[in-house]
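Student: can you look at this prediction? I've put the sequence above it.
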Amino acid sequence: MDKSEGIKVILVNKKASFNYFLSDHLEAGLVLSGTEIKSIKAHNVSLNDAYVIFKNGEAFILNMNIKEYEKGTIFNHDPLRTRKLLMNKREILKYEQKCIKDGYTVVPTKLYLKKGMAKIEIALAKGKKLYDKREAIKERDDKRNIDKAIKRN
């Protein structure tokens, strides 16, 4: 936890950085309802297969799974509902144009709490080819082997 800014990282989407080349990171707020913030604070959330769409000048995140709060009542939330992102119009237009013109996708990379408010970091993503993924795996394995060798000596 970063004490100076009051940031507590809840989840990092490692799958996004493995499957995509990421650029233009941006912090956005989330519109949550009911017990969703309690589930997020309990780390009951998943960003796998989540992505952002743009409709009528607004940004929405789909397939973000916030599990039902275990101590909730009948008024619990729907885990896979579409959630609105809080972004400036200029930012929404910029990201929407990149998606339309250049074929980018917008994916969430990190979910964290900042001063008690849920924030999500999104990024423009361009898909990796299979050989790029193999190269990333090779680099990771080489780094692991070098660290082991250094530790032994």
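Tutor: The structure has been received and is ready for your questions. This structure is a prediction, so every number in the text was calculated from the model and none was measured.

Student: what's the helix or strand for the residue most central in space within the chain?
Tutor: Against the mean C-alpha coordinate of the chain, by Cα atoms, centre = their mean, the closest residue is Pro108 at 2.6 Å. Per DSSP states H and E, Pro108 falls inside strand 105-114.

Student: could you say what helices and strands that strand packs with?
Tutor: Applying 3 or more Cβ pairs under 8 Å, 6 or more residues apart in numbering; DSSP states H and E, we find strand 105-114 packed against strand 7-12, helix 14-19, strand 20-30, helix 36-41, strand 51-55, helix 89-102, strand 117-127. C-beta here means a position set from N, CA and C on the backbone, and glycine is covered the same way.

Student: which of those sits closest to Leu80?
Tutor: The stretch from the helices and strands packed on strand 105-114 with the least distance to Leu80 (Cβ to Cβ) is helix 36-41; that distance is 11.8 Å.

Student: quick one: that closest one to chain centroid distance?
Tutor: Computed by Cα atoms, centre = their mean, to the nearest Å, the chain-centroid distance of helix 36-41 equals 15 Å.

Student: buried ones in it?
Tutor: 36-40 (16 or more other Cβ atoms under 10 Å).

Student: and the average pLDDT for stretch 29-39 is what?
Tutor: Per-residue pLDDT over stretch 29-39 has a mean of 88.

Student: hmm, who's touching the top helix by length along the chain?
Tutor: Across the chain, the longest stretch assigned as helix under DSSP state H is helix 130-152. The contact list for helix 130-152, computed with Cβ atoms under 8 Å, 6 or more residues apart in numbering, reads 18-19, 21, 128.

Student: are any of those residues buried, and which?
Tutor: Buried among the contacts of helix 130-152 (16+ other Cβ under 10 Å): 19, 128.

Student: report the two of the contacts of helix 130-152 separated the most.
Tutor: Pairwise across those, and taking Cβ to Cβ, the largest span is found between Phe18 and Phe21, at 10.7 Å.

Student: flag the shaky bits of this structure, pLDDT-wise.
Tutor: 1-4 (pLDDT under 70).

Student: could you rerun that using 80?
Tutor: For the chain, the stretches with pLDDT under 80 are 1-5, 70-78.

Student: what sits against the nearest residue to Asn76 once chain neighbours are set aside?
Tutor: Excluding the flanking residues, the one nearest Asn76 by Cβ to Cβ, 6 or more residues apart in numbering is Glu68, at 4.6 Å. Counting by Cβ under 8 Å, 6+ apart, Glu68 makes contact with 35, 39, 76-77, 79.
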